[in-house]
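>>> What shape does this take:
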Amino acid sequence: MLDFRSLGLPGTLADAIGRLKTNSAYFRMNYAVIVLGILFLSLLWHPISLIVFIAAMAGWLFLYFLRDEPLVVFGRLIGDQAVLIGLSVLTVALLLLTDVLWNTVGSLLVGAALVVAHGVVRKTEDLFLDEEETAGFLAGGGGGRSSS
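The predicted structure is shown next:
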């Protein structure tokens, strides 16, 4: 993820968008950790919000990061992309209830900017992608999680 030899500016806008899509599929778990880390750091001076965030992180750990088997709810298979979106919305909603709107918005914007910047400048030629997983993630099907 941080190999400086794999960084370079894309030639065209289409190339940048292609890199962003590929890198989002490949590094999605890393990107989630980065955004959650930035959000954590922004809450250090808000103890109640930090407690809520740590409780939400328990959900992230059990439902996304440490899960080995597919998530099944009421007999239906829930894809990784749906879990990621659901946990993101729940975490932000819980934090907004603790009155840290601008901290949450600011840290999410900083995290998104870092993710987009990395996703655009990281070359994709040396990534080993499973085409089924990438196609499923990009199409909204969820796919499997990558191990980076």
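>>> What is the neighbour count of W102?
Using other CB atoms under 10 Å, W102 has 9 neighbouring residues. The C-beta positions use only the backbone N, C-alpha and C, and glycine is treated the same way.
>>> pLDDT below threshold where in the chain?
Within the chain, the ranges that satisfy pLDDT under 70 run 1-2, 129-148.
>>> Tell me where it has strands.
For the chain, the strands defined by DSSP state E cover 71-73, 76-78.
>>> What sits closest to D126 if chain neighbours are left out?
S6 (6.0 Å; CB to CB, 6 or more residues apart in numbering).
>>> which residues sit in contact with the one you found?
Contacts for S6 (CB atoms under 8 Å, 6 or more residues apart in numbering) come out as 122-123, 126.
>>> Only whichever of those residues are buried, select them in PyMOL.
Filtering those down to the buried ones (16 or more other CB atoms under 10 Å) takes a single PyMOL command:
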select buried, resi 122+123
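>>> Nearest to L61, out of the contacts of S6: which one, please.
R122 (26.2 Å; CB to CB).
>>> Columns mean neighbour count on top of the strands of the chain, output as CSV?
As requested, the strands of the chain are arranged in CSV below (neighbours: other CB atoms under 10 Å):
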stretch, mean neighbour count
strand 71-73, 12
strand 76-78, 11
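>>> Many thanks, I have nothing further to ask.
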